[in-house]
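Predicted model follows, preceded by the sequence.
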Amino acid sequence: MSDRAFRTPESFYAESVTREMLVDYLTERGFTDVQDNRKFHGKVESQTIHATAPTGERLVIRVRLCWRRRNASETYSAAQLLPKVKNEDWVGTLQAKVSREVAEGITHSLFVQRELNNTISHAALVPQRVLVEIWCAQRDISSALIAEGRLGRRKKSHAMNGASPTLWLNDEHAPKVIEALWKNPQVLDLNKLPRNIQNWEHAGVDDTFDDLPGMDYSLIGSDESVATISMKSNIKRDPRVRKAVALRAGGRCERVGCGANREFSGFLDVHHILGIEKSDRYWNCVALCPNCHREAHAAPNRDEINACLLEFALQYNGHGQPAATAVSADAPPLAP
């Protein structure tokens, strides 16, 4: 993606939100040892992810983001493969780019479309060896449909977007073009993989202060939906903090006077008392049951609750054991 004049701060922000989602997204679908590598080229960011697939194959994935959504009425999904071609040599220019990436060790491209409600609606994992083949198929199918007058006012192939080779993930007006991607046996539709959340400390169940309030109900629900991941915050967290807090809590709510526990994983949430944007540290976090977590965010006396939680958590200011005994039982009791 080039640093062109039409790139706005909003577009750069939207891009960063999508990129931050991908490690958790892949992990939930059975990928392991997921490593996120970013590079900046001026304002433009590139992303390469190293991961082990559920099959055991080690992959090096170049992330290619689809055009960002500007409103809920947009349903098409496409991603540029290059800013422009050289001397009208579409295939040669594209093949040269793919060959360079293969020489760098890239094995796959991941095409991603994020929706306005922070779900990933399309995620196609495409081996580099078939990328040009799929682009050519989309180009030829689109050109044939245009020649038959079946694509309305469109005068040029989908795949030839201005001077930019473009791969399409969705276009309800041209499903045959899209089939060239999704029906290729080498392409993996990641949204069709089963989600694999086994331990709460890997499930993204921590928070910032603005996670809970407010929801646009017009975005809720769908027909014939596929499994997607919804992210609550784009602030990066250290999974070791969640794990350490879980071990400290021993399965019980850490709010003094509560201590609720259940015999299954996923019961407790990690609450960042001062907000994760201020500190993602062991001594800014407590493990809370769902009731106490909601009270810490929404109760009229939430400031008092969080003050007591912070007093408790600060006992662990850098150490695995408390520096003093726990705070007294004067913390606000749970509502019945």
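Perfect, I can see it now.

For Asn37, which three-state class applies?
With DSSP: H, G, I helix; E, B strand; the rest coil as the basis, Asn37 sits in strand.

That one contacts Thr48, correct?
Yes: counting by CB atoms under 8 Å, Thr48 is a contact partner of Asn37 at 4.7 Å. C-beta: built from backbone N, CA, C; applies to glycine.

Packing partners of the host helix or strand of Leu125?
Secondary structure assigned from DSSP states H and E places Leu125 in strand 120-127. Here strand 120-127 touches helix 9-28, strand 108-114, strand 164-170, helix 175-182, strand 188-189, going by 3 or more CB pairs under 8 Å, 6 or more residues apart in numbering; DSSP states H and E.

Contacts only, for Ile122.
I think there's a mix-up here, since residue 122 is His and not Ile. Applying CB atoms under 8 Å, 6 or more residues apart in numbering to His122 gives the contacts Cys66, Ser77, Phe111, Val112, Gln113, Leu169, Asn170, Asn191.

Distance check, the first one against Asn291.
Looking back up the chat, that one is Cys66. Plainly put, Cys66 is 40 Å away from Asn291 if you go by CB to CB, to the nearest Å.

Same question for Ala103.
Distance of Ala103 to Asn291, computed by CB to CB: 56 Å.

tell me the domain ranges of this structure?
Domain assignment for the chain by automatic domain parsing gives 9-192, 201-212+236-336.

chain center to the last one: distance?
Spelled out, that is domain 201-212+236-336. How far domain 201-212+236-336 lies from its chain's middle: 25 Å, per CA atoms, centre = their mean, to the nearest Å.

hmm, back to that, between Asn37 and Thr48, point out the one with more neighbours.
Shown here are Asn37 and Thr48; by other CB atoms under 10 Å, Thr48 has more neighbours (18 against 11).

for the helix or strand hosting the more buried one, packing partners?
Assigned by DSSP H and E, Thr48 belongs to strand 44-52. Judged by 3+ CB pairs under 8 Å, 6+ apart, strand 44-52 is in contact with helix 9-28, strand 32-41, strand 58-65.

List the buried residues in the worst-scoring helix or strand of the chain on mean pLDDT.
Least confident helix or strand of the chain, by mean pLDDT, DSSP states H and E, is helix 239-249 with a mean of 86. By neighbour count on 16 or more other CB atoms under 10 Å, the buried set for helix 239-249 is Val241, Arg242, Ala244, Val245, Ala246, Arg248, Ala249.

Which member of those residues is positioned nearest Glu148?
Using CB to CB, Arg242 comes nearest to Glu148 of the buried residues of helix 239-249, at 55.6 Å.

any idea how far Val286 is from the closest one?
Noted for Arg242: a distance of 12 Å to Val286, by CB to CB.
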